[in-house]
Each structure stands twice: as C-alpha cells, then as structure tokens.
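Asker: Below are the sequence and a predicted model for it; my questions follow.
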Amino acid sequence: KGLLNAVVIEHSNPDAAWQLCLLLKENGLLAKPTHGDKIRFAPPLTITREQILDCVKIIGNCLEQL
C-alpha cells in the first residue's frame with residue numbers, strides 16, 4: 001500500500017517528462033514517466049510532512065532547470 005499521484009507536463013518538448021524524471025533522479029527523487037507527458041509519483045504511505053516538502057522543493061528546482 002502507498003500513495004500514488006501524477007502530474008501532466010505541458011511542454012513544447014515531447015521528451016520533457018522523461019528529461020524531468022532524469023533530473024529528479026540526479027537530485028535524489030525517483031519518478032516514472034507514463035503515457036508520454038505524465039509523471040507518476042509513488043511515495044510510501046508513511047511519508048512525513050518534512051519529506052513531502054523536500055520532494056516539492058526538488059520538483060520545483062528541476063522544473064526550473066527544464
């Protein structure tokens with residue numbers, strides 16, 4: 001059991017979701033691209049608020065790089 005969430009990446013580059021996943025991995029966060037423009041996140045059910053905030057920061061930084 002766990003959490004599951006996805007985001008849609010709207011970008012002119014069709015490989016943007018894949019490239020974002022690679023950036024996330026380089027920054028310590030694993031995610032999986034799916035259906036081309038979506039990224040799936042599956043954190044553990046026991047994730048803490050602090051861990052979620054860390055993940056949001058990583059995602060934001062990687063989006064800026066993309």
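Answerer: Yep, that arrived.

Asker: in the chain, which spans are strands?
Answerer: In the chain, the strands defined using DSSP state E lie at 5-8, 32-34, 38-41.

Asker: Buried residues of the shortest one, list them for me.
Answerer: Of the residues in strand 32-34, those with enough neighbours to count as buried (16 or more other CB atoms under 10 Å) are residue 33. Where C-beta positions appear, they are placed from N, C-alpha and C, glycine not excepted.

Asker: which residues touch it?
Answerer: Applying CB atoms under 8 Å, 6 or more residues apart in numbering, the contact partners of strand 32-34 are 6, 17, 18, 20, 21, 39, 40, 42.

Asker: What are the boundaries of the helices in this protein?
Answerer: Assigned by DSSP state H, the chain shows helices spanning 16-26, 49-65.

Asker: check contacts around residue 64.
Answerer: Here residue 64 is in contact with no residue (CB under 8 Å, 6+ apart).
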